[in-house]
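**Q** what follows is a protein structure lacking sequence information:
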């Protein structure tokens, strides 16, 4: 089973939706704290379902906030930039939320899925941490960062 990840910053709408279409993504799973944010541009929650249908080959949209960090965690990380502390706190949060045991694996099995966040690359983004945690528990999961 493949799980893609993507960030929308530093990508044009054409690049973003082309990547999803080219990789056969059928379901975009939004794991942002604020999917409706004005800074999201073409990736605003209100607009994504339409764009995914029209530009990414009838891709579905799903908001899964259980994989989002907390507001407090994000504020602290933006303030101090301490990735090690942020990533540790995010991992603890996933343990507290009992991820992935509390998740319905069929969500990911039913369609080629892609985790969405804002960061342009996965190195310092919670989408990578979430995907890696799922892969530790679901050994047949292959992560592909777009």
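**A** In hand now; what should we look at? Since we're looking at a predicted model, the values are computed, not measured. Residues are numbered from 1 along each chain as shown.

**Q** roughly how far apart are the closest residue to residue 59 other than its chain neighbours and residue 131?
**A** Spatial nearest neighbour of residue 59, chain neighbours left out: residue 52 (4.0 Å); criterion: Cβ to Cβ, 6 or more residues apart in numbering. Glycine gets a C-beta too; all of them are placed from N, C-alpha and C. Here residue 52 is placed at a distance of 20 Å from residue 131 (Cβ to Cβ, to the nearest Å).

**Q** with residue 114 instead?
**A** 10 Å.

**Q** now do the strands in this structure.
**A** 2-7, 27-30, 60-63, 113-117, 142-145 (DSSP state E).

**Q** contacts for the second one, please.
**A** If you take Cβ atoms under 8 Å, 6 or more residues apart in numbering as the criterion, strand 27-30 is touched by 6, 20, 45, 48, 52, 56, 59-64, 67, 107, 110-116.

**Q** tell me who's in contact with residue 3.
**A** By Cβ under 8 Å, 6+ apart, the contact set of residue 3 is 108, 113-115, 131, 134-135, 141-144.

**Q** wait, I meant residue 116
**A** Applying Cβ under 8 Å, 6+ apart, we find residue 116 in contact with 5-8, 28-32, 43, 127.
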